[in-house]
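Peer 1: 3D, please:
(chains A and B)
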Amino acid sequence: MGFLDTLLGRTKPVQPKLDDLFALPSAAVTLDAGAGFKPTGSGSVCFRPVEGRSFSDVQKDVQELLNLSSHAEGGLPVEVSKDDYGFTWLVSSRMSDELEALVTDLHAVNSSLVDNGFGPQLLCTLVAFRDEQERRLALIYLYKRGSFYPFAPLPGERRNNALELEIKGVIGDDLKWEQDLARWFPVWGAPGM
Amino acid sequence: MAARTRYAPDRGLTVRMTATMFLLGLVFVAFIAAIIGIGTAYGASSTAIVFFAVILGGGFAIGSLFFSDKIALATAGAHEVTPQQAPELHGIVDRLCALADMPKPRVAIADTDMPNAFATGRNADHAVLCVTTGLMRRLEPAELEGVIAHEMSHVAHKDVQVMTIASFLAIIAALLIRIAFYGELFGGGRRGNDQNAGIIMLALMAVSIVVYAISFLLIRMLSRYRELSADRSGALLTGQPSALKSALVKVTGQMSRIPTKDLRASQPMNAFFFTPAMHLSPKGSLANIFSTHPSLERRLAELDKVQQQLGRTAG
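Peer 2: Numbering: from 1, shown residues only, chains lettered A, B, ... in the order given. Sure, this is the predicted structure:
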C-alpha cells in the first residue's frame, strides 16, 4: 500500500497471483520420489463469498463449468461446502493420476472469479496427498502471496510440524515456498483433504 | 474493468479526509508562525519555552506510540491468547490475514462483559488485536469477523501512527497552555524586573488555547473519517457489509445499557475502540462534532454504499 493510501485510509484489495499454481504437478513427482506421498486426486479452492446476486451468479457458472468438464471425462461432480468461518470450498475430485486435470479445474475457478472482478475474494487452494501409512498432507497455495506451504494435520487439531518441514525440504526449489512461517495457517477439517 | 469499479475508493471520503488533514497542517503552520512572531517581538525567552514543550511533547508522543500496545492491553485488562486457547478467534484472524496479505497481529482477549474490540500497536508487525468476551458472547461468527476486519483495517491504515502524529500538535499546545499558566502564576511576584515575560506568557497562552481548540475538533473529525474508511475496507475485505452492519446495531444497542463504572474505567481507550463507550446523544450535530466515532446512522448509510458497490453486475 502506498504512502498516500495509508494517509487517506484506503486499502486496495489485494489481487491474487495465479501462475505459480501450475508448478504443482512437477512438485508432486518430486514429492512422491522423495517422501512417498501420492496425490489423492482431490483438491479444493477456498474463497470468501460476497453478498448479492452478482457473486452467486458467478459461483453458479463456475460450478456448471467444472461439472461439464469433469462429466465429459468421467469424473465426479464438484462438491460445494461452507466452513464454520463463512468461506466456501469448491472440491474437485479426480483420479489420483490426473493431477494436471485437477490443477486445471482449480485454475478455472480462479480465472472465473478474477474475470468477474472477484479476484480479491480468493483465499487458498489445497491439493491433498497421502503416503502408505495413510498420513495426510496438503500443499496449500496462498493466492495473495503466490506461495505454497505444507499442512499435515494430526488427530485433535494438532499438526505434524516435523513432517511439514521435511516436505518443504524434499520438494525444495520446485515450489515457491512461503518463507514466513507465521503465515502457514492451519485449515482444520478443510474439505478435499 | 469490473474489478476496478467494484473496489473503487470512495472519492468523497478521500476528499473530506484530505481537507481535514490540510486544515490540521494549516493550523500547525499558523501556530509555528505565531510562536516565531511572539519570539521575535518579545525576545528569546519564549523560544526556550516552546523548545522545551516540543521536546516534552515529542517524547510523550513517541513514548505513547511505542508502548501503545502495552498501554492499551493494560488499560483494557486484556491478556494475549494462543491458538490453543482461542482457536475460533485465531481461525478468523488467520483467514483474514491471508485474504488481506497482512502479517498476523497478536490476539488478545479482555475479560469484560462490555462488547468491544480494538487494535493498536505502532505498525503492522507490532499490532495487537483485542476483543472482549462480551463481544464474542453477543455476536455471531460472521459479525465477529466483520468487527475484526474493521480492526485489521485500522492496522493496515496505520491509524495509530496517523492519529499520534495528528495529535502531536494538540499535545504541544496543551503543554504550552500549562507552562504559560504556571509561568504567570509563579512569575507574577517579580513583575518589576521583567515586564515582557508576563506579556509573552499571556500571548503564548492565548495562541495555544485557540490552536488546541481548533486542532481538537479537527482531530475528532479525522478520527470519524478514519472509522468510516475502516468500516469500508473491512466490509470490502469480508465481502459481507451486512454482517458488519448487524454487529454495529447489536453492539451500539447494548452499549447504552452498560453501567457507568465500567465506562469511566475505559474512557482513555475510546479512540481505538470499535464503538465508543460513551454516548452523549446519538442525534444532534453538536454532540457529533466532539465524538471520536461517526453516528450509527452514518456508518450504516456508508455500508449501504459498499453493499451496492459489491453487488454491481460485471461489465
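Peer 1: For the rest of this, base every contact and every neighbour count on C-alpha atoms.
Peer 2: OK.
Peer 1: what about residue 25, how many neighbours?
Peer 2: Defaulting to chain A. A:P25: 18 surrounding residues under other Cα atoms under 10 Å in any protein chain shown.
Peer 1: um, chain B though
Peer 2: 15.
Peer 1: and what of B:A41?
Peer 2: The tally of other residues near B:A41 (other Cα under 10 Å) stands at 11.
Peer 1: same question for the helix or strand where it lies, mean pLDDT?
Peer 2: Here B:A41, judged by DSSP states H and E, is contained in helix B:11-42. For helix B:11-42, mean pLDDT is 83.
Peer 1: Please compute how far that helix lies from its chain's middle.
Peer 2: Put simply, helix B:11-42 sits 19 Å off its chain's centre (Cα atoms, centre = their mean, to the nearest Å).
Peer 1: Quickly run through the sheet partners of whichever strand or helix holds A:V45, with directions.
Peer 2: Applying DSSP H and E as the criterion places A:V45 in strand A:38-47. Strand pairing for strand A:38-47, determined by DSSP bridges: strand A:88-93 (antiparallel), strand A:122-130 (antiparallel).
Peer 1: what comes into contact with stretch A:105-114?
Peer 2: For stretch A:105-114, the surrounding residues in contact (Cα atoms under 8 Å, 6 or more residues apart in numbering or on different chains) are A:18, A:21, A:43-45, A:58-59, A:62, A:66, A:92, A:119-120, A:122, A:125, B:3.
Peer 1: could you pull out the helices for the stretch 1-150 of chain B?
Peer 2: Per DSSP state H, counting those that start in this stretch, the stretch 1-150 of chain B carries helices over the ranges B:2-6, B:11-42, B:45-66, B:68-76, B:87-100, B:133-138, B:141-156.
Peer 1: nearest to A:R183, of the contacts of stretch A:105-114?
Peer 2: Minimum distance to A:R183 across the contacts of stretch A:105-114 is 14.5 Å, recorded for A:T125 (Cα to Cα).
Peer 1: and that closest one, what is it in contact with?
Peer 2: Counting by Cα under 8 Å, 6+ apart, A:T125 touches A:G43, A:S44, A:V45, A:C46, A:L106, A:I140, A:Y141, A:L142, A:Y143.
Peer 1: The fourth one: how many residues sit nearby?
Peer 2: Applying other Cα under 10 Å, we find 26 residues neighbouring A:C46.
Peer 1: In terms of helix, strand or coil, where does A:G156 fall?
Peer 2: When classified by DSSP: H, G, I helix; E, B strand; the rest coil, A:G156 comes out as coil.
Peer 1: Next, give phi and psi for it.
Peer 2: Dihedral angles of A:G156 (phi, psi; degrees, to the nearest 10) stand at phi 80, psi 40.
Peer 1: Mind listing the residues bridging to the residue positioned nearest the centre of chain A?
Peer 2: In chain A, the residue lying closest to the centroid (Cα atoms, centre = their mean) is A:T125, at 0.9 Å. Counting by DSSP bridges, A:T125 forms beta bridges with A:V45, A:Y141.
Peer 1: circling back to that earlier point, for the helices of the stretch 1-150 of chain B, which one ends up most surrounded?
Peer 2: Among these, ranked by average contacts under mean count of other Cα atoms under 10 Å in any protein chain shown, first place goes to helix B:141-156 (a mean of 26).
Peer 1: Output the contacting helices and strands for that helix.
Peer 2: Contact partners of helix B:141-156 among helices and strands, from 3 or more Cα pairs under 8 Å, 6 or more residues apart in numbering or on different chains; DSSP states H and E: helix B:87-100, strand B:117-120, helix B:195-238, helix B:241-255.
Peer 1: Which residues does the first one contact?
Peer 2: Think helix B:87-100. Defining contact as Cα under 8 Å, 6+ apart, one finds that helix B:87-100 is touched by A:13-14, A:85, A:120-123, A:142, A:144, A:183, A:185, B:82-83, B:103-104, B:107, B:145, B:148-149, B:237-238.
Peer 1: angle of it against helix B:195-238?
Peer 2: Angle of helix B:87-100 versus helix B:195-238, following axes from the mean of the first three to the mean of the last three Cα atoms, to 10 degrees, is 90 degrees.
Peer 1: Can you list the low-confidence ranges for chain B?
Peer 2: B:1-7, B:42-46, B:183-197, B:253-287, B:313-315 (pLDDT under 70).
Peer 1: same thing with chain A?
Peer 2: A:1-2.
Peer 1: Do a quick rundown of the helices in it.
Peer 2: Secondary structure of chain A (DSSP state H): helices at A:3-7, A:24-35, A:53-72, A:99-115, A:161-171.
Peer 1: Can you spell out which helices and strands pack onto the shortest one?
Peer 2: Read that as helix A:3-7. Applying 3+ Cα pairs under 8 Å, 6+ apart, we find helix A:3-7 packed against no helix or strand.
Peer 1: List the buried residues in that helix.
Peer 2: By 16 or more other Cα atoms under 10 Å in any protein chain shown, the buried positions in helix A:3-7 come out as A:T6, A:L7.
Peer 1: out of everything not next to it in sequence, what's closest to A:R94?
Peer 2: Using Cα to Cα, 6 or more residues apart in numbering or on different chains and skipping residues adjacent in sequence, the residue nearest A:R94 is A:G41, 4.8 Å away.
Peer 1: okay, now the one you found: neighbour count?
Peer 2: Using other Cα under 10 Å, A:G41 is surrounded by 22 other residues.
Peer 1: doesn't A:E98 make contact with it?
Peer 2: Yes: at 6.6 Å, A:G41 counts as touching A:E98 under the criterion of Cα atoms under 8 Å.
Peer 1: could you flag which of the contacts of stretch A:105-114 are buried?
Peer 2: Among these, those buried by neighbour count (16+ other Cα under 10 Å) are A:18, A:21, A:43-45, A:58-59, A:62, A:66, A:92, A:119-120, A:122, A:125, B:3.
Peer 1: Which of the residues you listed sits closest to A:G189?
Peer 2: A:S44 (12.3 Å).
Peer 1: Over in chain A, which residue gets nearest chain B? Let me know.
Peer 2: With Cα to the nearest Cα as the measure, A:G117 is the residue of chain A nearest to chain B, at 3.8 Å.
Peer 1: Can you report how many residues neighbour that residue?
Peer 2: A:G117 is flanked by 23 other residues according to other Cα under 10 Å.
Peer 1: Look through the stretch 101-250 of chain B and state the residue closest to chain A.
Peer 2: Chain A sits closest to B:G239 of the stretch 101-250 of chain B, with a gap of 4.4 Å, by Cα to the nearest Cα.
Peer 1: Get me the contact residues on chain A for chain B.
Peer 2: By Cα under 8 Å from any Cα of the partner chain, the residues of chain A that approach chain B are A:5-14, A:48-55, A:85-86, A:114, A:116-123, A:142, A:144-145, A:182-183, A:185.
Peer 1: Just the buried residues from those, in ChimeraX please.
Peer 2: This is how ChimeraX selects the buried members of the residues of chain A next to chain B, with burial counted by 16+ other Cα under 10 Å:
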select /A:6,7,8,9,10,11,12,13,14,48,49,50,51,52,54,55,86,114,116,117,118,119,120,121,122,123,142,144,145,183,185
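Peer 1: Near chain A, which residues of the stretch 201-315 of chain B? Just list them.
Peer 2: So far as Cα under 8 Å from any Cα goes, the stretch 201-315 of chain B lies against chain A at B:226, B:229-230, B:233, B:236-241, B:307, B:310-314.
Peer 1: which of those residues count as buried?
Peer 2: Among these, those classed as buried by 16+ other Cα under 10 Å are B:226, B:229-230, B:233, B:236-241, B:307, B:310-311, B:313-314.
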